[in-house]
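Undergrad: here is my input; please provide its structure:
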Amino acid sequence: MPADPSERAAGLPDWFPGNARPVGILLDFDGTLSEIAPTPEEARPAPGVREALEALAAAGAVTAVISGRRASEVASLLRAPVRCFGLYGLEDERGPLAESLGLVAALESALPDVERAAALVPGSGVETKGLQVAVHYRGSPEPEAARRVLLERLRPVAETHGYRLLEGKKVVELAAAEGPTKGDVLDRVAREAGLRAAMYAGDDVADLAAFDTMDRLAGEGLTVLKVAVQHAEAPPELLGAADVVADGPARVVALLQQVVDRLRTGGARSPSMSDVLLRGVREDDLPIFFHHQLDPEANQMAAFTARDWDAFTAHWTKILSDETVTKKTILVGGEVAGNIVSWERSGERLVGYWIGRNHWGKGVATKALSQFLGHVAARPLYARVAKHNIASIRVLEKCGFTISGEDTASSNAPGGKVEEFIFELRADDEDEPR
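TA: Modelled structure (predicted):
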């Protein structure tokens, strides 16, 4: 059973975004919204990204993705209501943002030299982007040697043709010498939209310029949050400069959903417990439930591995069509905070819940379970909880459950097994929450 841990801090700091409006959410793509792929063509948005971006737009956030890719390519991959800046800000999804004829001519002139340099590195490949060019060496058997050769050979090419060299994840790019940086794009969006709060998430060297701009905007009075996405190739200086370090795109999605939750509630952190209500589950609740179950910390506490979108929807389609399952959406102040479900297995009636991290530590699980017990007549009622999940154990005890046994159960989490307590609620034990 997932948790409502009062002792754990939320992944999104309490102070962001506060009451500052409007709020901007600016994001890198590769490695931030997409797992790192062997080639650029294989990258796809991580599960839940599109839904999170749609929810941000619906909640009124100014949302943009800033990438070294072509803007049209990013827009096609995301298919979400978000502005896409490509080539580090030379273009957006509608076309060039600066005079491009000179850049096209320079690229045509430089391309043969770039291709000759790439031919010296086994496993490398040249990607032309219309206004700039990249050499990828992820396929090289010796990436460090490949990097040294490419930098040595491409530096004079860049100088001759008026380019600058940009390094990324196993890639060297030739970009316009006077072209914008991600920080320039961030500054432009902040000023055009009149932002009063901004979050930027990225995972690469090029994102350091965005972090620098965030620091400057903070000095001008904006509420800013810098998120670095951690992986084996993330630059240490980026991780060290971040306010929050996210463990991969799934964690970024969870942070985005927390922003959505706070925007929907005006930034409120402590709703009255009289606002905790249950209603029937609707299909439009499912994207929110999906984001909740992506949370790595909740997964660890529940001894559960998050499902991808297809597996998740198949699971909930089965739940919604099964009339023997009692299922409710948990609302806090009108906002979807989680779900609670009761089902039969091997002749026993069980109960389980999942609370979104933004509502942990506020007694929501206790209040919801107490109400839910009025919807489930069967007694005894059972719950299984991982022995290390202290918060959920306390919730069950408050609602009158007592330990009736222990078990080693199968789990889809790493290791495949989880040590559990079996809790039981008997009719003669039932009482008001303690």
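Undergrad: every contact and neighbour count from this point should use C-alpha atoms.
TA: Noted.
Undergrad: excluding covalently adjacent residues, which one is nearest to G194?
TA: Nearest non-adjacent residue to G194, counting by C-alpha to C-alpha, 6 or more residues apart in numbering: P22, 7.1 Å away.
Undergrad: any idea how far the one you found lies from R216?
TA: From P22 across to R216, the span is 18 Å (C-alpha to C-alpha, to the nearest Å).
Undergrad: likewise for D204?
TA: Counting by C-alpha to C-alpha, the gap from D204 to R216 is 20 Å.
Undergrad: what about the two, which has more around it?
TA: Legend: neighbour count by other C-alpha atoms under 10 Å for D204 and R216, higher for D204 (25 against 14).
Undergrad: wait, what's in contact with the nearest residue to that one once chain neighbours are set aside?
TA: Using C-alpha to C-alpha, 6+ apart and skipping residues adjacent in sequence, the residue nearest D204 is A234, 5.8 Å away. Going by C-alpha atoms under 8 Å, 6 or more residues apart in numbering, A234 touches D203, D204, V205.
Undergrad: give me the number of residues near R357?
TA: Neighbours of R357 under the rule other C-alpha under 10 Å: 26.
Undergrad: isn't there a helix covering G361?
TA: No: judged by DSSP: H, G, I helix; E, B strand; the rest coil, G361 forms no part of a helix; its state is coil.
Undergrad: okay, now A37: neighbour count?
TA: Neighbour number of A37 under other C-alpha under 10 Å is 13.
Undergrad: typed the wrong thing, it's P40
TA: Using other C-alpha under 10 Å, P40 has 12 other residues around it.
Undergrad: tell me the mean pLDDT over stretch 122-132?
TA: The average pLDDT within stretch 122-132 is 81.
Undergrad: start to end distance for that stretch?
TA: Terminal residues of stretch 122-132 lie 22 Å apart, using C-alpha to C-alpha.
Undergrad: can you list the neighbours in contact with that stretch?
TA: 69-70, 87, 100, 103-104, 107, 114-115, 118, 133-141, 173-176.
Undergrad: list the residues that contact D308.
TA: Neighbour list for D308: P47 [criterion: C-alpha under 8 Å, 6+ apart].
Undergrad: ok, it to L56 distance?
TA: Where L56 is concerned, D308 sits at a distance of 21 Å (C-alpha to C-alpha).
Undergrad: and if you look at D212?
TA: 24 Å.
Undergrad: neighbour count for those two, which is higher?
TA: Between D212 and L56, counted using other C-alpha under 10 Å, L56 has the larger neighbour count: 26 against 15.
Undergrad: pretty sure the more buried one contacts V49?
TA: No: at 10.6 Å, L56 does not count as touching V49 under the criterion of C-alpha atoms under 8 Å.
Undergrad: part of a strand, is L396?
TA: No: according to three-state DSSP, L396 belongs to no strand; its state is helix.
Undergrad: that one: neighbouring residues, count only.
TA: Residues near L396, counting by other C-alpha under 10 Å, number 24.
Undergrad: same question, A311
TA: Neighbour number of A311 under other C-alpha under 10 Å is 11.
Undergrad: for E93, same thing?
TA: If you count neighbours by other C-alpha under 10 Å, E93 ends up with 18.
Undergrad: confidence score at it?
TA: pLDDT, E93: 88.
Undergrad: just the one 10 residues further on next, same as before
TA: Model confidence at L103, given as pLDDT, is 62.
Undergrad: ok, the one 3 residues further on next?
TA: Note on A106: pLDDT of 69.
Undergrad: so how far is the longest strand belonging to the chain off the chain centroid?
TA: Looking only at the chain and at elements set by DSSP state E, the strand with the highest residue count is strand 335-345. Centroid separation for strand 335-345 versus its chain: 23 Å, with C-alpha atoms, centre = their mean, to the nearest Å.
Undergrad: after it, which helix or strand is next?
TA: strand 348-355 (DSSP states H and E).
Undergrad: any idea which helix or strand in this structure has the lowest mean pLDDT?
TA: One helix or strand of the chain scores below all others by mean pLDDT, DSSP states H and E: helix 101-119, with a mean of 76.
Undergrad: ok, which stretches of the stretch 1-150 of the chain are helices?
TA: 49-58, 71-78, 101-119, 143-161 (DSSP state H, counting those that start in this stretch).
Undergrad: return the most buried member of those.
TA: Mean neighbour count (mean count of other C-alpha atoms under 10 Å) peaks for helix 49-58 among those, with a mean of 21.
Undergrad: distance from that one to the middle of the chain?
TA: Worked out by C-alpha atoms, centre = their mean, helix 49-58 lies 11 Å from the chain centre.
Undergrad: please apply the same query to stretch 230-240.
TA: 17 Å.
Undergrad: and that stretch, end to end?
TA: 11 Å.
Undergrad: identify each buried residue in it, please.
TA: Buried residues in stretch 230-240, defined by neighbour count with 16 or more other C-alpha atoms under 10 Å: Q230, H231, A234, P235, L238, L239.
Undergrad: and what of stretch 369-386?
TA: Neighbour count says stretch 369-386 has 369-370, 372-373, 376, 379-386 buried, by 16+ other C-alpha under 10 Å.
Undergrad: would you mind pulling the contact partners of it?
TA: 1-2, 277-278, 301-303, 326, 328, 340, 342, 348-352, 392-393, 399, 418-427, 432-433.
Undergrad: again, only using 6 Å
TA: 1, 349-351, 419-427 (C-alpha atoms under 6 Å, 6 or more residues apart in numbering).
Undergrad: separation between the closest residue to A43 other than its chain neighbours and D207?
TA: Using C-alpha to C-alpha, 6+ apart and skipping residues adjacent in sequence, the residue nearest A43 is A37, 5.2 Å away. Going from A37 to D207 by C-alpha to C-alpha gives 19 Å.
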